[in-house]
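**Student:** fold the following.
(2 chains)
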Amino acid sequence: MTPDKQPDARFTTATDFLSQRLAQEQERPARLAVRTVLNLAQAPGNIAQMLSEAAAAVGERMQAAFKRHVANMTDESQAIATRLTFAEINRVPPTKQAEMIRDGKDATVVSEAAVRQRRCAPEVQAALVEHCKDHSASMRILAGRPDATLDTLAALTDSKDWRTQMYVVEGIGGRMKIEEANAAVAHKKAAIFDDLIKGYKSDYAPYLVPVCRSSEQISEMFDKTSKTLGMIEVFVENPYTPDSVLIEIASSPTMQLVRHDVARSAREILQNRAELRESSDDMAPS
Amino acid sequence: MSLRELNYSQGAQWVQARCTEKTTDSEVSTALQALAHAAARADADCAVEGLFPGSTLEVLLSRDLDSKDPNIPPLPVKVELTAMRAIGEAIMKEMQATATKLLTLRVDGCGEIVVFLPEMRETVLLGTRTTLLDA
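**Tutor:** Okay, here's the model as predicted:
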């Protein structure tokens, strides 16, 4: 059934169907469907009208069936988690979802159901941070979401969980590359960046150093970076890295031994900068 | 392609080329239009049994969640049972000819429709991440 002007229609095997779907699993929300038996062969009267009426009634039937489904769960937290899992398909507003998170704030199944949704609205993120900040697995997922808001990331900068910290750092590092038209957003982003610099660890270097435009902060990060790890080249590659840092890299016996290429690059950059300074001095009016 | 733009007459010819049921292109075309109307009108996902008399085919409708206002095609005045039977027969024949057990259709603004044999139900529910509820 694939003439040119038909919808995208294809006959497929179970294996092809499953392999294609499971590859896209994360992009698809969990869904609910209500069983509907039409039995048209036995249906008296107008089939067209019957189809239309059955379609119009399916939403109401779904709500009734879902209510019973949830009522069967003896544990209230499990019931809330199930409601959150199917929040998108049931078009539950974010404010209502936030209330559900508050009601089930002690249960990790609740926060995990909320944070694993395909879409996690800012209101839902705020509720998760407010009520479930000690649910480390959920916070880790939240921090790693591409749609994590700046407020969410800001609230998670002080997380004690290493993986959560790294997701926040990656998130902010990626966003620092984007020029913000909105000054308030740019200011908020910069404030989070500054907070991360204060709590800087060597692992942050690949994400924060390349996007840093402050020589002072680069210097501060360099002082806190383990020189034995393979993190030093990001300092050499940043044009805002001060000479003092490059000199330390170029002259360090350890660097010359372990990362000879990086030490040489630092020397070359220092040489280039010196030549540029000399040539601009020569051109200055005497 | 939206539901309104669907070429029902070509769909009807496709069905007619595969079925033994005595029906006309016009009747099948009208039946397809009624199905499109019902799919666009449904306000929840549903798994439908007994839609195509003479076959055991089941249908899962997964609506397009991003569609704000589905463009509902008009409801035909009358749909013949033989046309519904012919559609089911044609799909079954094509499944046999191609050694497949599932038909998927994607329609912009409406969603996805999977037509399948009953033994494929668990596979379809798993693949579409759907929990089936009894009404």
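**Student:** residue boundaries of the helices in the stretch 151-286 of chain A?
**Tutor:** With DSSP state H, counting those that start in this stretch as the criterion, the stretch 151-286 of chain A has helices at A:162-176, A:183-198, A:205-208, A:215-224, A:233-237, A:243-251, A:253-258, A:260-283.
**Student:** which of these sits closest to chain B?
**Tutor:** helix A:162-176 (24.5 Å; Cβ to the nearest Cβ). Placement of C-beta: from N, CA and C, glycine included.
**Student:** and the closest one, how far out from the chain middle?
**Tutor:** 9 Å (Cα atoms, centre = their mean, to the nearest Å).
**Student:** before we move on, the earlier item: need the helices of the stretch 151-286 of chain A in JSON lines (columns: distance to residue B:133 and mean neighbour count).
**Tutor:** Below are the helices of the stretch 151-286 of chain A laid out as JSON lines (distance: least, Cβ to Cβ, whole Å; neighbours: other Cβ atoms under 10 Å in any protein chain shown):
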{"stretch": "helix A:162-176", "distance to residue B:133": "35", "mean neighbour count": "20"}
{"stretch": "helix A:183-198", "distance to residue B:133": "42", "mean neighbour count": "15"}
{"stretch": "helix A:205-208", "distance to residue B:133": "44", "mean neighbour count": "20"}
{"stretch": "helix A:215-224", "distance to residue B:133": "54", "mean neighbour count": "17"}
{"stretch": "helix A:233-237", "distance to residue B:133": "53", "mean neighbour count": "20"}
{"stretch": "helix A:243-251", "distance to residue B:133": "62", "mean neighbour count": "18"}
{"stretch": "helix A:253-258", "distance to residue B:133": "62", "mean neighbour count": "13"}
{"stretch": "helix A:260-283", "distance to residue B:133": "61", "mean neighbour count": "13"}
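**Student:** export those as TSV, with columns for mean pLDDT and distance to residue A:154.
**Tutor:** Below are the helices of the stretch 151-286 of chain A laid out as TSV (pLDDT from 0 to 100; distance: least, Cβ to Cβ, whole Å):
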stretch	mean pLDDT	distance to residue A:154
helix A:162-176	93	9
helix A:183-198	93	5
helix A:205-208	93	15
helix A:215-224	93	18
helix A:233-237	92	24
helix A:243-251	92	28
helix A:253-258	80	35
helix A:260-283	86	33
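**Student:** turn these into JSON lines, including distance to chain B.
**Tutor:** Putting the helices of the stretch 151-286 of chain A into JSON lines (distance: least, Cβ to the nearest Cβ, whole Å) gives the following:
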{"stretch": "helix A:162-176", "distance to chain B": "25"}
{"stretch": "helix A:183-198", "distance to chain B": "26"}
{"stretch": "helix A:205-208", "distance to chain B": "32"}
{"stretch": "helix A:215-224", "distance to chain B": "42"}
{"stretch": "helix A:233-237", "distance to chain B": "40"}
{"stretch": "helix A:243-251", "distance to chain B": "49"}
{"stretch": "helix A:253-258", "distance to chain B": "49"}
{"stretch": "helix A:260-283", "distance to chain B": "48"}
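**Student:** tell me which of the ones you listed lies nearest to residue A:128.
**Tutor:** helix A:162-176 (12.4 Å; Cβ to Cβ).
**Student:** name the element residue A:84 belongs to?
**Tutor:** helix A:76-85 (DSSP states H and E).
**Student:** still on that earlier bit, export the helices of the stretch 151-286 of chain A to JSON lines and tack on distance to residue A:114?
**Tutor:** Listed next are those as JSON lines, based on distance: least, Cβ to Cβ, whole Å:
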{"stretch": "helix A:162-176", "distance to residue A:114": "16"}
{"stretch": "helix A:183-198", "distance to residue A:114": "23"}
{"stretch": "helix A:205-208", "distance to residue A:114": "27"}
{"stretch": "helix A:215-224", "distance to residue A:114": "35"}
{"stretch": "helix A:233-237", "distance to residue A:114": "36"}
{"stretch": "helix A:243-251", "distance to residue A:114": "44"}
{"stretch": "helix A:253-258", "distance to residue A:114": "46"}
{"stretch": "helix A:260-283", "distance to residue A:114": "44"}
